[in-house]
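J.: using only what follows, build the 3D model:
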Amino acid sequence: MDLLNLFLTHRRLSINEMAQLSCIPKTSVHRMIGSLEEMGFLNKDKDGQYSLGLLFLQFGNLVAERLDIRPIALPVMQQLRDDVGEAVHLVLRDDWESIYIEKLDTDHPVRLFTKIGKKAPLYAGASSRIILAFMPEQERELYLDEIELKPIGSRTILDKEQLRASLALSRASGYSFSRSELEDYTAELSAPIFDHSGQIIAALSIAGLEVHFGEEQLPGLVQKVRDAAYAVSRKLGYNQ
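T.: You can find the predicted model right below:
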């Protein structure tokens, strides 16, 4: 493991470099490298340099495919809900829509319309829009060219140039905020969750009555939501 861990920060290494970096005797390194190469954990090129073998890619893809994001995100969501006192959502993309796959509610007497399984278009609401913002550019532009923007709440964005500007701001700031886009008098604040490859895989959001998201509260709430989303991303192998 000491030798394999060297490849977390180095793309290619020679036996001499591995011995120097690991402080393991060269003869021991040579013996262990032979076994690692035979098992497929390392590959040797024509210059005698070693790199991680394709076996890691195979295992890595299996780990990614078998991850269920809900139990991974739930402890972070619970802490965030207790911290901010607002409903917390976990949202995935479903084709040209977003879908709520987990929700932690509050004991507020006024509850939101959201529920597990509810869908929304990618252009409306903070969770949907943060997913759209971090989608690959070509795919995002295809969506923007084809979609017809229809009103849902009183402040749903209906102008494509305004929508593009909002998406650019979300990519730059790392969060999205919406007011009365899916339901009047409510607000939602969302941040992206990335997987091990750096691709957006989900959105984490808090939502509640619009009056709870005033200008004074917003900076602190933004930081908490971004930190929570990053914590889930780290659990999924994201390391940027």
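J.: what sits against Gln38?
T.: In this structure residue 38 is Glu, not Gln. Contacts here follow Cβ atoms under 8 Å, 6 or more residues apart in numbering; on that basis Glu38 touches nothing. (Each C-beta comes from the backbone N, C-alpha and C, glycine too.)
J.: should've said Asn16
T.: Contacts were defined as Cβ under 8 Å, 6+ apart; by that measure Asn16 touches Lys26.
J.: now do the SS call for it.
T.: Under the three-state scheme (DSSP: H, G, I helix; E, B strand; the rest coil), Asn16 adopts helix.
J.: pLDDT score for it?
T.: Note for Asn16: predicted pLDDT of 94.
J.: residue at max distance from the center of the protein?
T.: In the chain, the residue that sits farthest from the middle, by Cα atoms, centre = their mean, is Thr27; the gap is 43.1 Å.
J.: next helix or strand past the lowest-mean-pLDDT helix or strand in the chain?
T.: Lowest by mean pLDDT, DSSP states H and E among the helices and strands of the chain is helix 54-66, with a mean of 72. Remark: after helix 54-66, the chain's next helix or strand is helix 69-84, criterion DSSP states H and E.
J.: show me which residues of that next one are buried.
T.: Within helix 69-84, the residues that qualify as buried are 69, 73, 76-77, 80-81, 84, counting by 16 or more other Cβ atoms under 10 Å.
J.: what packs against it?
T.: Other helices and strands packing on helix 69-84, by 3 or more Cβ pairs under 8 Å, 6 or more residues apart in numbering; DSSP states H and E, are strand 87-94, strand 97-104, strand 200-209, helix 218-235.
J.: which one of those lies closest to Ile130?
T.: Nearest to Ile130, of all the helices and strands packed on helix 69-84, is strand 200-209, at 4.9 Å by Cβ to Cβ.
J.: burial of Tyr185, as a residue count?
T.: A total of 12 residues lie near Tyr185 under the criterion other Cβ atoms under 10 Å.
J.: ok, now how distant is the residue nearest the centre of the chain from Lys150?
T.: Most central in the chain under Cα atoms, centre = their mean is Ile193, positioned 1.6 Å from the mean C-alpha point. Per Cβ to Cβ, to the nearest Å, Ile193 is found 27 Å from Lys150.
J.: how about Gly40?
T.: Counting by Cβ to Cβ - Gly40 and Lys150 are separated by 53 Å.
J.: off-centre distance for whichever strand or helix holds Glu141?
T.: Assigned by DSSP H and E, Glu141 falls within helix 137-146. The chain centre lies 20 Å from the centre of helix 137-146; the measure is Cα atoms, centre = their mean, to the nearest Å.
J.: what residues sit buried inside that helix?
T.: 140, 143-144.
J.: picking up where we left off before, nearest residue to the residue nearest to the centre of the chain in space, please, no chain neighbours.
T.: Computed as Cβ to Cβ, 6 or more residues apart in numbering, the closest residue to Ile193 that is not its neighbour in sequence is Ala202, at 4.2 Å.
J.: ditto for Ser98
T.: Using Cβ to Cβ, 6+ apart, the nearest residue to Ser98 is Ser128, at 4.2 Å.
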